[in-house]
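# Here is my input; please provide its structure:
(4 chains)
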2 protein chains.
Amino acid sequence: MRIGELAERSGVSVRSLRYYEEQELLQSERSSSGQRHYAEHAVERVGLIQLLFAAGLSSKTIQALIPCTITGVSTDETKALLLAERDRIDRQMADLAAARARLDEIVDIAFDPTLPCAHQDSPEKVSAA
Amino acid sequence: MRIGELAERSGVSVRSLRYYEEQELLQSERSSSGQRHYAEHAVERVGLIQLLFAAGLSSKTIQALIPCTITGVSTDETKALLLAERDRIDRQMADLAAARARLDEIVDIAFDPTLPCAHQDSPEKVSAA
DNA sequence: CTTGCCCCTCACATTGATGTCAGGTTTTAG
DNA sequence: CTAAAACCTGACATCAATGTGAGGGGCAAG
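Take a look at the predicted model:
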């Protein structure tokens, strides 16, 4: 398939797909005229890339880890990277959980009907009052 | 206390504290010579700011929510913001959990003793071989 | 052939918190 | 008094993924 179709099927912009290739996360065959062509499994690959990006991994890290996910072959470096990223994710989840708990407290206060609420009138009236 | 002490006690750079003030997240009294002075509770405030930054809230959002955390007063806008950020955090935690699970699978493969390992020899030997 | 759509590369813009440097003033310790 | 340390403002740098636009081919249908 060509890049437009891959973009649509994987829900990623064409720009991003070219970027992934530049970062060596995704390979393509080029037609004689230079157009990119992808195999079916590219869709899945892009999904993996997205998954890892969404968790805050850098393209460099993803690039290092991808061979491992494909061939199962790992080096000391990829192993260390794996563990480090997992730890980072754990820390980030803890950060998120803490912030979420704090926001919950604030929500409780904000939606407490016994507390005063700022007026929702038009701003002019409020400031003029 | 002055900015250096606050930085040290809150574990944040002086640069960041000035930035927080610029973003109206943190206030200071100025001495006649223009130096910033902070009350004790500023330490706690900085902690809150950090907590929310760590969860990916923008300074603009934090600025909108801070009055709510101090006075308990909320507007429709801050309420919507609270719920939106909480949802965003939930989604992000789900993303992290998914990536973590995927990394776990990869870890299992990478550390599987029955699978072949890339050699850890010096790179020259490997590539020369 | 022409029109339209998809593709190509190159390159600059964006966002946001923070680093860093420059040049200057204040405070503090000796 | 003087030197060091801390502070001030202002401005430019950073990182990373993505947006966007220019200028130019490729290919299929009419």
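
# close enough to count as contact, residue A:69 and residue B:108?
No - in this structure residue A:69 lies outside contact range of residue B:108 using CB atoms under 8 Å: 11.4 Å. Using the backbone N, CA and C atoms, a C-beta is placed for each residue, glycine as well.

# The two: which is more packed in?
residue A:69 (19 against 11; other CB atoms under 10 Å in any protein chain shown).

# Can you name the residues that contact that one?
A:48, B:106, B:109 (CB atoms under 8 Å, 6 or more residues apart in numbering or on different chains).

# ok, it to residue B:41 distance?
48 Å (CB to CB, to the nearest Å).

# ok, which residues in chain A are in contact with DNA strand D?
Proximity of chain A to DNA strand D, by CB under 7 Å from any atom of the strand, involves residues A:12-13, A:15-16, A:19-20, A:23, A:31-35, A:53, A:58-60.

# Looking at neighbours, which among those residues is most surrounded?
Most surrounded of the residues of chain A next to DNA strand D: other CB under 10 Å gives residue A:20, at 23 neighbours.

# hmm, who's touching the particular helix or strand that has that residue in it?
Applying DSSP states H and E as the criterion places residue A:20 in helix A:14-22. Residues from elsewhere that reach helix A:14-22, judged by CB under 8 Å, 6+ apart: A:3-4, A:6-7, A:10, A:26-28, A:36, A:46, A:49, A:59.

# Out of the residues you listed, the closest to residue B:97 would be?
Nearest to residue B:97 among those: residue A:49, at 17.8 Å, using CB to CB.

# Could you give the average pLDDT over stretch A:44-61?
Mean pLDDT, stretch A:44-61: 96.

# Among the contacts of residue A:69, which are located in helices?
A:48, B:106, B:109 (DSSP state H).

# could I get these as a markdown table with distance to residue B:99?
As requested, the ones in helices among the contacts of residue A:69 are arranged in a markdown table below (distance: CB to CB, whole Å):
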| residue | distance to residue B:99 |
| --- | --- |
| A:48 | 10 |
| B:106 | 10 |
| B:109 | 16 |
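
# List only buried entries from those.
Judged by neighbour count, with 16 or more other CB atoms under 10 Å in any protein chain shown as the criterion, the buried members of the ones in helices among the contacts of residue A:69 are A:48, B:106, B:109.

# Show the contacting residues for the spatially most central residue of chain A.
Centroid check for chain A by CA atoms, centre = their mean gives residue A:54 as the closest residue, at 1.6 Å. Contact analysis of residue A:54 by CB under 8 Å, 6+ apart lists B:95, B:98-99.

# let's see 10 Å
Contacts for residue A:54 (CB atoms under 10 Å, 6 or more residues apart in numbering or on different chains) come out as B:91-92, B:94-96, B:98-99.

# now the helices: where do they sit in chain A?
Residue ranges of the helices in chain A, as given by DSSP H, are A:3-10, A:14-22, A:41-54, A:59-71, A:76-110, A:123-128.

# helices or strands next to the fifth one in the packing?
Helices and strands touching helix A:76-110, by 3 or more CB pairs under 10 Å, 6 or more residues apart in numbering or on different chains; DSSP states H and E, are helix A:59-71, helix B:41-54, helix B:59-71, helix B:76-110.

# Measure how far the first one is from the centre of its chain, please.
For helix A:59-71, the distance between its averaged C-alpha position and the chain's averaged C-alpha position is 16 Å (CA atoms, centre = their mean, to the nearest Å).

# right, is that helix up against DNA strand C?
No - figure legend: helix A:59-71 not in contact with DNA strand C (CB under 7 Å from any atom of the strand); closest approach 13.9 Å.

# and the angle for that helix with helix B:76-110?
40 degrees (axes from the mean of the first three to the mean of the last three CA atoms, to 10 degrees).

# Check which residues of helix A:59-71 are buried.
Buried, per 16+ other CB under 10 Å, within helix A:59-71: A:59, A:61-66, A:68-69.

# quick check: angle from it to helix A:41-54?
140 degrees.

# residues in contact with whichever residue of chain A sits closest to DNA strand C?
Relative to DNA strand C, the nearest point of chain A is residue A:4 (2.4 Å; CB to the nearest atom of the strand). Contact analysis of residue A:4 by CB under 10 Å, 6+ apart lists A:14, A:17, A:36.
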